[in-house]
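A.B. asks: my questions are about this predicted structure, shown below with the sequence.
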Amino acid sequence: MRIELLFELEHKELPKDNNSIWISFLKNVLSNCNQGKFYKRYFSGTDSKDYSFSIILPKPRFIQEKILLENSLVKMIFSADDRNKTGLIFFAAFVESKNRKFPLPEGNSMILKQIRKLREQKISSQSVIFRTVTGGGLVVREHNKDTNIDKYYTFQDEGFHEKLKSVLIAQAKEAGFSESIAENIIMTPIQCKKVLVKYYGIYIDVTVGTFQLEGAPELLQYFYQAGFLSKHSAGFGLLDIVSQQNG
């Protein structure tokens, strides 16, 4: 399920480092819906989440630590895997939170004004060209347990494809796909670029643009709906389909 949420800000600005705002919003709507029945399912432990989102800002201007916007309307595109009813759970939570004021940093606030289901495509091909949704990008993270330090790779970096493969295999296996299906997926950059994104106080390397994925259609469908690679439930990894390569 893919859902478009339209928010109205009290003031036409956001902090540059704003992923935490949207994660807090998702936590808030689940905790306030159905007596918080599903909150622990998505926000307890470190299990991979089967959803993704991206934020679309109206003509943003980046000035120091703030983003100034042309108008007060901000969109969230939220997408979830169909298999575990995650989309239905969040959709009900969004409806419950419509027209409620949600406080933001520095005296700002936002109100969820509109909720709309978007049309999704069904993937039937073993080769699909995707593009990252505006506002997000692909994160490939390597975490060193000994030093507790993260390293982020983009398509330009040596070792990118090896680390990407290990991340996507882990994500696929956590989602219930077999190791053979997970190991046979291939990612090929087509037109990509590296960007720096401020995330929880640090800048991380992110890949944006178009790329080809080859693999089992059911796994490609999962990545399309649930998001792709590291931090896909934290505002990264949301994909749009450019074309499917048939034959």
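C.D. replies: Structure received.
A.B. asks: any idea how far Gln35 is from Ile111?
C.D. replies: 23 Å (Cβ to Cβ, to the nearest Å). Using the backbone N, CA and C atoms, a C-beta is placed for each residue, glycine as well.
A.B. asks: for these two, indicate the residue with more neighbours.
C.D. replies: Ile111 (16 against 8; other Cβ atoms under 10 Å).
A.B. asks: low-scoring stretches of the chain, by residue?
C.D. replies: In the predicted model of the chain, residues 46-47, 247 satisfy pLDDT under 70.
A.B. asks: all strands of it, in order?
C.D. replies: In the chain, the segments counted as strands under DSSP state E are 2-9, 13-15, 51-56, 61-63, 66-68, 73-80, 101-103, 109-118, 127-132, 140-144, 149-153, 186-199, 202-214, 239-244.
A.B. asks: and the angle for the biggest helix by length in the chain with strand 186-199?
C.D. replies: Taking DSSP state H as the criterion, the chain has its longest helix at helix 160-174. Between the axes of helix 160-174 and strand 186-199, defined by axes from the mean of the first three to the mean of the last three Cα atoms, to 10 degrees, the angle is 90 degrees.
A.B. asks: buried ones in helix 160-174?
C.D. replies: Going by neighbour count (16 or more other Cβ atoms under 10 Å), the buried part of helix 160-174 is 160-161, 163-165, 167-169, 171-172.
A.B. asks: could these go into JSON lines alongside distance to Ile181?
C.D. replies: Shown next, in JSON lines, are those (distance: Cβ to Cβ, whole Å):
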{"residue": "Phe160", "distance to Ile181": "22"}
{"residue": "His161", "distance to Ile181": "19"}
{"residue": "Lys163", "distance to Ile181": "20"}
{"residue": "Leu164", "distance to Ile181": "16"}
{"residue": "Lys165", "distance to Ile181": "13"}
{"residue": "Val167", "distance to Ile181": "16"}
{"residue": "Leu168", "distance to Ile181": "11"}
{"residue": "Ile169", "distance to Ile181": "10"}
{"residue": "Gln171", "distance to Ile181": "12"}
{"residue": "Ala172", "distance to Ile181": "7"}
